[in-house]
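Q: no FASTA, just this:
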DNA sequence: ATTCTGACTTGCT
DNA sequence: AAGCAAGCCAGAA
């Protein structure tokens, strides 16, 4: 896992506004590199460094075990949720999904620019 | 090189 | 709503 990719993923995660979320796939798409699973990998390894609960699955759920830990944050941030069962919930993606503004996209572009550079030490 | 696995996603039944 | 397959990209063995 290239450190630039890790930085870029964490960088985007850090930009998500309070009360809003992005999906793993969204992050990969904004970055124009890797895929949802790669983003998941970064979050698994380094997610604790950022507001990890703002990166969720496409259907608004979180991986096993994380939902309980994330709930207090969602309540504090007033993140839109929808009940899924008696003790389960999911983020209401229609309302909670973050759509970066043009200036946000510009900052993201700066982050992703580094990813298009060739890996160090591998040239010809 | 091959295979398995995973904080994933989409489409089809 | 739920289950399944395939696609996906990297790491690890």
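A: Structure received. Please read these numbers as outputs of a predicted model, since none were measured by experiment.
Q: residue numbers of chain A in contact with DNA strand B?
A: Counting by C-beta under 7 Å from any atom of the strand, the residues of chain A close to DNA strand B are A:23-26, A:35-41, A:43-44, A:47-48, A:52, A:55, A:57-59, A:62-63, A:66. Every residue, glycine included, has its C-beta placed from N, CA and C.
Q: helices along chain A, start to end?
A: Using DSSP state H, the helices of chain A run over A:3-15, A:24-31, A:36-46, A:66-77, A:93-96, A:102-113.
Q: closest one to DNA strand C among these?
A: Closest approach to DNA strand C among those (C-beta to the nearest atom of the strand): helix A:36-46, 4.3 Å.
Q: against which helices or strands is that closest one packed?
A: helix A:3-15, helix A:24-31 (3 or more C-beta pairs under 8 Å, 6 or more residues apart in numbering; DSSP states H and E).
Q: state the mean pLDDT of that helix.
A: In this model, helix A:36-46 has an average pLDDT of 95.
Q: same check on stretch A:16-30?
A: Mean predicted confidence for stretch A:16-30 is 96.
Q: hmm, who's touching it?
A: Stretch A:16-30 has contacts (C-beta atoms under 8 Å, 6 or more residues apart in numbering) with A:9, A:12-13, A:34-40, A:43, A:51, A:53-58, A:60, A:77-80, A:91, A:93, A:96-98, A:100, A:105, A:108, A:112.
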